[in-house]
Structures are given as C-alpha cells and as structure tokens.
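Enquirer: give me the fold of what follows.
(chains A and B)
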Amino acid sequence: MRLSQMLFATLREDPAEAEIPSHKLLVRAGYIRRVGSGVYAYLPFLWRVLQKISQIVREEMNATGAQECLLTQLQPSELWKESGRWETYTKAEGIMFALTDRQGRELGLGPTHEEVITLIARDMIRSYRQLPLNLYQIQTKFRDEIRPRFGLMRGREFIMKDAYSFDADEAGMKVSYQKMNRAYHNILHRCGLAFRAVDADSGAIGGSGSQEFMVLADAGEDEVLYTADGKYAANVEKAISLPPDAVPSPFKAYKKLDTPNTPTIASLADFLQCSPTQIVKNVLYQVTYDNGMNVLVLVSIRGDQDVNEVKLQNELGRLAGEYGGSAVIGLKVPSEEDQQQWATKPLPLGYIAPNLSDDYIQPAKNLAAQFLRLIDPTAVELENFVTGSNESGYHVVGANWGQEFPLSKHQVDLRKSVAGDRSIHDPSQTLQTARGIEIGHIFQLGTKYSKAMGATYTNEQGEEVPLVMGCYGIGVSRLAQAAVEQSYDKDGIIWPVAIAPYHAIVVIPNINDNKQVSAAEVIYSELNRVGIEALLDDRNERAGVKFKDADLVGIPYRIVTGRSLQEGKVEVVNRATRESQEISVHEVVPTLRRWIDEAITAKTDVA
RNA sequence: CGGGAUGUAGCGCAGGGGUAGCGCGCCUGCUUUGGGAGCAGGAUGUCGCAGGUUCAAAUCCUGUCAUCCCGACCA
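Expert: Numbers count the residues shown, from 1 in each chain, chains lettered A, B, ... in the order given. Purely as a prediction, here's the structure:
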C-alpha cells in the first residue's frame, strides 16, 4: 500500500482522552478513533492487526478440531430467562444492553453466547456419537460496562473469540479444556506476548475451574500473585496462601477495657500495644439477592488481614438458596443511609463484636432478621484474642471462641492473599506480584447451562443426560492493545512481527530524486511479489517526517532508499532493536523474507 | 451510582463582562530535502446545549448533556 493513497494522519501530541501509553499511541498513530465512550472505530491499520490476530486464533482453534461459526448478536430475552441470567445481566449492575422491539419483545445485545450456543446444542446434539464438539466464533460483543476505560482495554463494544465445548462427561470436558489451554498458550506465544496463565474466579459465567491468560504489563487492571518456582499463579481475586503466623496473645484473662478513639485496627493495636494478629476484626456487609432479599453479613477475620470481596460474593452466592434467591446482585459495605434503612439504633461502628445482636435489625420484608455470621480461618485459630465489645469506646481482650463468643458454623476462606504470603504448595516460596491484562479466560462450565436450558443427549446406555460444557474467550481487540502496552518506546509502537499491520515500510527520503524513487518502487513490488506485506512511503514529505511516522506506527522493518544507493545498497532498520545495516539492493528482499519468517516461526513452536 | 476534572478552530491549549486567540495541522507560492523544515500569504468557530442576570455573556448564575480520572462495581 502506498502511503500517499491511504487515509493516513498521525498526531504529534497525545490525545486528551487517553491515559495509558498504548491508548495514546494507537490514537496518535491512526489506529483507532473514539466514536463514543467505550466505543471505537478500528481504522485500516488496526483492522489489519485484528485480522492477523484473528487468523492466528483461527489456526490454533481449528488445529484442535474446533469449528468456526457466527452466532447472533440480537438475543431474545426468553433465552436468558431460561438460563436464569436475564435479571442479573439487565438489572442492578447488569452489563447487557437490553432493548424492546416494535412488537414489545425484549431483546439483549449479546455480551456472551452461552445461551445461544446451548440453544443450538439442544436442537442439534442428540447422541453421544456426536460428541465431543467445539464451536467458536470471532465477533463483536456488547457490554454496558460500568466504567469503560483505556481505549480498547475495556470497551462497551469489542471483538472477542468465544468457543464452547460439549462433552459427554466431566472427564471429556477436562480433555477439551486442556486442548483449549494448550491452544491459548500457542496463540499468545505466536502473537509475541509475554503472559502468564493463572487460576481465576469464574464470576457470573459460573462453573468450576477456570484460568485466565494475563499479558504482563504495568497498566493491567488485574493483580497476579505467583511463585518464583512457576508452580503457582493466580489472580489476586482467587489466590490462596498461608497468612503470616499470629503472634501469641499476651492477654491471658478475659477483660473489657476502656479503649477510647480506637475504631481502626491500627489505632487499637497501637493503644493496646498488641499485634493486629491478636485482634478479631468484624466487618459488616450488605448483600442483595436477585429476589430482592437483603441480608446483613458480619465477617470475622484476623485484624491484619483483609476480606477478599470476590470470595465473599462467591460464598454469598452459594448461600443464596437459604434466602430464597439464586444469585447475588449487589454487595456493599452499608453506608450511613443504608444503615438508617434497617438499624433499630446506631451501630457501634469500630467496636463491633462477632456476637453483635440481631436486635439491631428492624423487622422488615426483604430483610433477613438475623446477621449472617461468616468467619475466616485466620480468626477461628485465635486464642485469647482482642475484639469489639458492641459498645463504642470499649474492646474486650483475652476472649475465646466457645467461651465468650459462639463460633459460627460458617467457617470459610474469605481472606485476601497478598504479595509476601507463603505459598500453600511450598511454604518456602513466597508470593510475588505482577500486573496483568486479562486477554483470555477459559472455564469448565459443567452442566450449568445445559441443565437450565434442557440441553441433553442420549448416552450409550440410552439415558438422556445433560451435555457437559466448557467456554473459552479471548479478547481479540484487547489483545491488540495489550501488545502495544507491552511493547513500545518513546518514539512509538513496536509491533511483534506476527501481528504487525505490515511487515516492512519502504521509505523514499527524497521524492524528487528519481533514483531513490525507482529503487524504492522496484523493492516495493518485489516485496509484494514474495508475499511480504509492505508499505511504500511515497509522500511528498521530508525524510524526518517519514522516519518519525514509521517509528510511531511501529512497522518492524524499515527500508530506506537513500544515500547508500550510490554503493548499490539500501539501509534496513529493525524497529525493535534500532539496529541498522546496509544491504545490497538485490539482497534486501530475500534477507527480509528470512528475517520475517524467523521472527514469526520462532514463536510458533511451543509446547 | 458517589467523588474530582474538563468542554473555546481538525488536534493540543490560553483567555475570564466590551473586536475570538496561540501552537501544531490544513490550503497556495517560493526555498529546503536523512529525524516532526523556513519564509510569505490564506481558510477554518453556534466558545457543548438551554434558560437567566446585564446596556453588553465564551466569561457571572441555574439547569442540562458529553467526555476523562478515582472509587464502588465489572466476562
């Protein structure tokens, strides 16, 4: 492609809308333009990048035997009601764009496709003889994100590859899952990205096991905890670890103490000259279920530890049935206004004990009459501990479970792991931290959707049983931006060769010099002939402008038909290393062909 | 949804009751031609929108919309 004929406009200054380097660079270099909040146009350069990524994804998916298809973006609400997700996806914090058509029918714009694919499976898969099966698509998804961010990183409209596997049983699903796991490793390696596969929370998608593929970058929205031996890595939302040991309590006798102005753990530990590990902290939450039921939750945890709200929400989801609900639609620390809604009298905030009386709760419809008391193991293990007294200004010390305080039967890990914790698989390993961009997520769904929607098949014994599913996503447009976030310098983008919009750019420093022009034309057409995707900068611009633009756009190899033409050579510059060498006009195309092939295949061969 | 900020030329920004500005970009011409050129000339505005105050509003007031950031939240 000739630059003189392209829609090509670069910006010298950073756009005001962008915050992180990759977003700034993609706008400056003319890859994307914002159309609305979280909605971006993919301009010709980016579209080529997306096609490259899609092709790699396609090849690796096809290699596993998966079949490509294209499902619908408009999805009838009935489908989502069958799976039970219509309410959670459209109400409260729901992320589905919902609309009503002229007949008054409710529809959603697809944020994900479990429902649609399960409908297809229900219609078409009848026998175990048709299994296993894996269908995938590459398509625009719509999500009404609470806060779109950072360009393509978190858009309300974005391109995703989603795959769905169907197996006869759990074992088969695990095989399908492992195939996808391998394919994802291959895809990210081929795209030239540094990444880490980590244990993950399954969130609203549901199911048992899941892993995320994190592209490592400081601007990542997720925190990853991992051990140096490579045997453990998890999203901080999911991570487990050994907490630091508690310091034995100096308080041997149960006593209530006057502790003025100590509503926080730090102030209390300081006042009592004790360790935060000797304190039982009691944190109040308010959960709302999909049936409108509200429950006040009191979480007891060791004072030096924090509650992992994802773990908490998952536990509350498991308990939904006890309150007549099926899913959590809201979880928060109740504000003062919230407290006024249900509290019979002011709460002793900062001085709450594990046995805070249920009398604080006003009887009301849609409000559980009793606190749900959850306790983390870090608190269970404590003896002679310090905790609140349910009276402002006073704490108790030397308390024990089963004596002063009943021990809740809801003992569950709610603790947030942090860097520096000892690992469970090997306590000599401590957790390290890194930031990551979630590019892929694979789930073992099991029968959640097939049961809800009646997607069954007949097994060898002639029994009708639900299909066992897995689902697997890759954020294609997010991957493109993550690649930039991971690879740029002060002058612009440095694309991995495999996903660069073009492999090479031929720069004519002086368009008025016929020798330069004709040499460039020859090389340009030769590059095209051997299948190297090339740009020709034939604009009537000064050389400096062209070099700056080539760097900014990030084309891996730059060929300059300049001064060295006198010796029958051209200059070739590697964008990533900035290495420059002069190569004879006749050698340059085969040389580039070799370099490019090496750069691409070096990434292809991985386990 | 809470907190914060910003809306003025295509982009980045200044101005702060009385003629609409700067830099970059754009157009024309000449010169220049290996790291975002120089000179000369030129075009481009509902100052987000709607009300209000005033002799007079980009500027003050009220409302509203949009965008960005932090948080809550989020496959």
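
Enquirer: contacts only, for A:P76.
Expert: Shown in contact with A:P76 (C-beta atoms under 8 Å, 6 or more residues apart in numbering): A:R105, A:E106, A:L107. Heads up, the C-betas are built off the backbone N, CA and C, glycines and all.

Enquirer: just A:Q581 next, same as before
Expert: A:Q581 touches A:E571, A:V572, counting by C-beta under 8 Å, 6+ apart.

Enquirer: give me phi/psi at it?
Expert: Main-chain dihedrals, A:Q581, degrees, to the nearest 10: phi -150, psi 160.

Enquirer: show the pLDDT at it.
Expert: For A:Q581, the pLDDT comes out at 96.

Enquirer: got it, and A:K603?
Expert: pLDDT at A:K603 comes out at 63.

Enquirer: just the buried members of the contacts of A:P76?
Expert: When the contacts of A:P76 are checked for burial by 16 or more other C-beta atoms under 10 Å, the buried set is A:E106, A:L107.

Enquirer: and which of the contacts of A:P76 is nearest RNA strand B?
Expert: Checking the contacts of A:P76 against RNA strand B by C-beta to the nearest atom of the strand gives A:L107 as the nearest, at 19.2 Å.

Enquirer: for the stretch 201-350 of chain A, just list every one of the strands.
Expert: A:210-216, A:222-226, A:233-235, A:255-258, A:280-289, A:294-302, A:328-332 (DSSP state E, counting those that start in this stretch).

Enquirer: follow-up on the earlier one: take the contacts of A:P76 and keep only those in strands.
Expert: Judged by DSSP state E, the subset of the contacts of A:P76 located in strands is A:E106, A:L107.

Enquirer: now the contacts of A:P76 in JSON lines, with pLDDT and distance to RNA strand B?
Expert: Output for the contacts of A:P76, formatted as JSON lines (pLDDT from 0 to 100; distance: C-beta to the nearest atom of the strand, whole Å):
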{"residue": "A:R105", "pLDDT": "94", "distance to RNA strand B": "25"}
{"residue": "A:E106", "pLDDT": "93", "distance to RNA strand B": "21"}
{"residue": "A:L107", "pLDDT": "94", "distance to RNA strand B": "19"}
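
Enquirer: what's the closest non-adjacent residue to the residue of the stretch 501-607 of chain A at minimum distance from RNA strand B?
Expert: Closest contact between the stretch 501-607 of chain A and RNA strand B, by C-beta to the nearest atom of the strand, is at A:G562 (1.6 Å). Residue nearest to A:G562 in three dimensions, not counting chain neighbours: A:P509, with 4.4 Å by C-beta to C-beta, 6 or more residues apart in numbering.

Enquirer: wait, A:T387 touches A:V396, no?
Expert: Yes: contact criterion C-beta atoms under 8 Å: A:T387 and A:V396 qualify, at 6.0 Å.

Enquirer: who's in contact with A:P363?
Expert: Contacts of A:P363 by C-beta under 8 Å, 6+ apart are A:A369.

Enquirer: longest strand of chain A?
Expert: In chain A, with assignment by DSSP E, the single longest strand is strand A:432-446.

Enquirer: which SS class is the nearest residue to A:H410 once chain neighbours are set aside?
Expert: Leaving out its chain neighbours, the residue that sits closest to A:H410 by C-beta to C-beta, 6+ apart is A:L374, at 4.7 Å. Here A:L374 is recorded as strand under DSSP: H, G, I helix; E, B strand; the rest coil.

Enquirer: for A:L374, give the beta-bridge partners.
Expert: Beta-bridge pairing for A:L374 (DSSP bridges): A:V299.

Enquirer: on that earlier part again, what's in contact with the very next helix or strand once past the longest strand of chain A?
Expert: Proceeding N to C from strand A:432-446, the next assigned helix or strand is helix A:448-453, under DSSP states H and E. Residues outside helix A:448-453 that contact it (C-beta under 8 Å, 6+ apart): A:79, A:82-84, A:114-115, A:118-119, A:121-122, A:206-207, A:455-456, A:466-469.

Enquirer: residues near the residue nearest to A:G562, how many?
Expert: 20 (other C-beta atoms under 10 Å).

Enquirer: could you report the neighbour count for A:E337?
Expert: 7.

Enquirer: name all residues that make contact with the residue of the stretch 501-607 of chain A closest to RNA strand B.
Expert: A:P509, A:N510, A:Q516, A:A543, A:V570, A:E571.

Enquirer: and RNA strand B, which of the strands of the stretch 201-350 of chain A is closest to it?
Expert: Closest among these, using C-beta to the nearest atom of the strand: strand A:328-332, at 5.3 Å.

Enquirer: in which helix or strand would I find A:K141?
Expert: strand A:133-142.

Enquirer: check the offset of the next helix or strand after that strand from the chain's centre.
Expert: Downstream of strand A:133-142, the first helix or strand assigned by DSSP H and E is strand A:157-167. Taking C-alpha atoms, centre = their mean, to the nearest Å, one finds strand A:157-167 lying 14 Å from the centre of the chain it belongs to.

Enquirer: hmm, back to that, pLDDT at the residue nearest to A:G562, what is it?
Expert: 96.

Enquirer: if we can go back for a sec, the strand holding A:K141: partners in the sheet, and parallel or antiparallel?
Expert: Strand A:133-142 has these strand partners (DSSP bridges): strand A:67-68 (parallel), strand A:157-167 (antiparallel).

Enquirer: ranking these by burial, who's on top?
Expert: strand A:157-167 (a mean of 24; mean count of other C-beta atoms under 10 Å).

Enquirer: rewinding a little: buried ones in the strand holding A:K141?
Expert: A:L133, A:N134, A:L135, A:Y136, A:Q137, A:I138, A:Q139, A:K141, A:F142.

Enquirer: how about stretch A:94-108 as PDB, C-alpha atoms only?
Expert: Coordinates of the C-alpha atoms in stretch A:94-108 are reproduced here as PDB (Å, rounded to 0.1, in the frame of the first residue of the first chain):
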ATOM      1  CA  GLY A  94     -26.100  -5.900  34.900                       C
ATOM      2  CA  ILE A  95     -24.000  -5.300  31.800                       C
ATOM      3  CA  MET A  96     -26.300  -6.400  29.000                       C
ATOM      4  CA  PHE A  97     -27.700  -3.800  26.700                       C
ATOM      5  CA  ALA A  98     -31.400  -4.600  26.600                       C
ATOM      6  CA  LEU A  99     -34.000  -3.200  24.200                       C
ATOM      7  CA  THR A 100     -37.600  -3.600  23.200                       C
ATOM      8  CA  ASP A 101     -38.600  -4.100  19.600                       C
ATOM      9  CA  ARG A 102     -41.700  -2.700  17.900                       C
ATOM     10  CA  GLN A 103     -43.700  -5.700  18.900                       C
ATOM     11  CA  GLY A 104     -42.800  -5.200  22.500                       C
ATOM     12  CA  ARG A 105     -40.500  -8.100  22.600                       C
ATOM     13  CA  GLU A 106     -37.500  -7.800  24.900                       C
ATOM     14  CA  LEU A 107     -34.000  -8.400  23.400                       C
ATOM     15  CA  GLY A 108     -30.500  -8.200  24.600                       C
END
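
Enquirer: buried set for that stretch?
Expert: For stretch A:94-108, by 16+ other C-beta under 10 Å, it's A:G94, A:I95, A:M96, A:F97, A:A98, A:E106, A:L107, A:G108.

Enquirer: for the third one, phi and psi?
Expert: Right, A:M96. Dihedral angles (degrees, to the nearest 10) for A:M96: phi -90, psi 130.

Enquirer: where's it relative to A:P44, distance?
Expert: Separation of A:M96 from A:P44 (C-beta to C-beta, to the nearest Å) stands at 31 Å.
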